[in-house]
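> dropping a prediction and its sequence here:
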Amino acid sequence: MEIKSVGVVGAGQMGNGIAHVFALAGFDVLLNDVSEDALQSAMALVERNLDRQVSREKITAESKKAALARIKTTMQLSDLGQADLIIEAATEREAVKQKIFDGLLPHLKPDTILTSNTSSISITRLASRTDRPEKFMGFHFMNPVPVMQLVELIRGIATDDETYKAMLAVVERLGKTAASAEDFPAFIVNRILMPMINEAVYTLYEGVGSVKSIDESLKLGANHPMGPLELADFIGLDTCLAIMNVLHEGLADTKYRPCPLLTKYVEAGWLGRKTQRGFYDYRGDTPVPTR
Ligand code: NAD
């Protein structure tokens, strides 16, 4: 089956980037969110990011114009019914995702492929509650989507080969690289990355280092392009905490227990860059460590 149109649910950090790369690769994109503001900011951000690519001569002004024209927005989930492929990229909460799939199912074509960009939630479980577990997959993009090369492809227990191959072909068309992961909590990237970030928060919590010394240590001492706390702010501390909870519950091992300090930041609503405050305060000209 040839995939021409894509419905993206959730127009946050990930949704806007996903819409961007699909539109640039020639797919028609319908972007959905429950928030009109989120849709408007997503479109503004896609335009800004396309402009940056034009100024860096990575794409032409014509391709930018054509890509923008391929993205439409809607607050009605039912409008996504005619899409060949659905990519769910809403908030990392199982109940939210469940409600979205429940709302979509009555409107879908029989052969529409369903995917979730979840960072950690069981693909098998999400798939089992739909009418098409064999056409359901994890489709995990990295942040920022237009820049990052990798896409994790996660097969649920029931996912058929045809669906997997169709998604491999889509990744190729996007000019990205696929890594296949089995469906276990947090898959590959976050299974390794999140415990490191959580450990960095423990290091801060226990007073071993400050925000600045922890980030500098990993940048200069391990050659990481970003420090772990800076990276946590970039990902979103609510998303980091949600992933740690999935690892903790899903693998039933105390080594994955989320750091209480991470929970505290999330409870304060200090979610990182998206709320202007996390391990750093982004409200001024330069980020200032909060501890
Ligand atoms: P975000 O908070 O930036 O955006 C989530 C969006 O979903 C918001 O705009 C919200 O209004 C919308 N939303 C909530 N309920 C909805 C509903 N019922 N219908 C439609 N839209 C709804 O979150 P994000 O960082 O873009 O993360 C989205 C997904 O991508 C999560 O599953 C997350 O785990 C995954 N992910 C995130 C990253 C990252 O680095 N942030 C990386 C890879 C994958």
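Looks like it arrived, so ask away. Numbers count the residues shown, from 1 in each chain.

> CA only for contacts and neighbour counts going forward, please
Will do.

> near the ligand, which residues of the protein?
Proximity of the chain to the ligand, by Cα under 6 Å from any ligand atom, involves residues 9-15, 32-35, 38, 89-92, 96, 100, 117-119, 140-143, 235-236, 239.

> for PyMOL, write a command that selects the buried ones of these.
Remark: buried members of the residues of the chain next to the ligand, expressed as a PyMOL selection using 16 or more other Cα atoms under 10 Å:
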select buried, resi 9+10+11+12+13+14+15+32+33+38+89+90+91+92+100+117+118+119+140+141+142+143+235+236+239
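
> can you flag which of the residues of the chain next to the ligand belong to helices?
Where those overlap with helices, as defined by DSSP state H, the overlap consists of Gln13, Met14, Gly15, Ala38, Val96, Ile100, Ile235, Thr239.

> tabulate those residues (a markdown table), appending pLDDT.
Rendered in a markdown table, the data for those read as follows (pLDDT from 0 to 100):
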| residue | pLDDT |
| --- | --- |
| Gln13 | 93 |
| Met14 | 96 |
| Gly15 | 98 |
| Ala38 | 98 |
| Val96 | 97 |
| Ile100 | 98 |
| Ile235 | 94 |
| Thr239 | 93 |
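
> hmm, which two among those residues are most spread apart?
Pairwise distances across these (Cα to Cα) peak at 22.4 Å, for the pair Ile100 and Ile235.

> can you give me the helices for the protein?
Chain-ordered helices for the chain, with DSSP H as the definition, fall at 13-24, 36-55, 61-70, 94-104, 123-128, 161-173, 189-205, 211-221, 228-235, 237-251, 260-267.

> relative to Glu182, which of those is closest?
By Cα to Cα (comparing all of the helices of the chain), the closest turns out to be helix 123-128, at 9.6 Å.

> and that closest one, what does it pack against?
In terms of contacts (3 or more Cα pairs under 8 Å, 6 or more residues apart in numbering; DSSP states H and E), helix 123-128 is packed against strand 136-141, strand 150-155.

> what mean pLDDT does the last one get?
When the per-residue pLDDT values of strand 150-155 are averaged, the result is 98.

> the chain should start at 262 in everything you say after this.
Let's use 262 as the start, then, which means that last one is strand 411-416.

> OK, contacts around Thr286?
No, residue 286 isn't Thr; it's Ala. Ala328, Arg434, Leu435 (Cα atoms under 8 Å, 6 or more residues apart in numbering).

> separation between the last one and the ligand?
Right, Leu435. When distance is defined by Cα to the nearest ligand atom, to the nearest Å, Leu435 is 17 Å away from the ligand.

> separation between that residue and Phe402?
Separation of Leu435 from Phe402 (Cα to Cα, to the nearest Å): 11 Å.

> rewinding a little: which of the helices of the chain sits closest to Gly539?
Of all the helices of the chain, the one in closest proximity to Gly539, counting by Cα to Cα, is helix 489-496 (5.8 Å).

> can I get that closest one as CSV, trimmed to CA atoms?
C-alpha atoms of helix 489-496 as CSV (Å, rounded to 0.1, in the frame of the first residue of the first chain):
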residue,chain,number,x,y,z
PRO,A,489,22.3,15.4,30.9
LEU,A,490,20.3,18.1,32.8
GLU,A,491,20.3,20.4,29.8
LEU,A,492,19.1,17.5,27.7
ALA,A,493,16.4,16.7,30.3
ASP,A,494,15.1,20.3,30.0
PHE,A,495,15.2,19.9,26.2
ILE,A,496,13.2,16.7,26.3
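
> touching it from outside, list them.
In this structure, residues lying in contact with helix 489-496 by Cα under 8 Å, 6+ apart are 404, 457-458, 461-462, 472, 475-476, 479, 501, 532-535, 539-541.

> and what of stretch 299-306?
By Cα under 8 Å, 6+ apart, the surrounding residues in contact with stretch 299-306 are Ala272, Gly273, Gln274, Gly276, Asn277, Leu292, Asn293, Asp294, Thr334.

> ok, stretch 499-512 next?
Contacts with stretch 499-512, where a contact means Cα under 8 Å, 6+ apart, come from 353-354, 380-382, 446-447, 451-452, 455-456, 459, 493, 515-519, 523-524, 527, 532.
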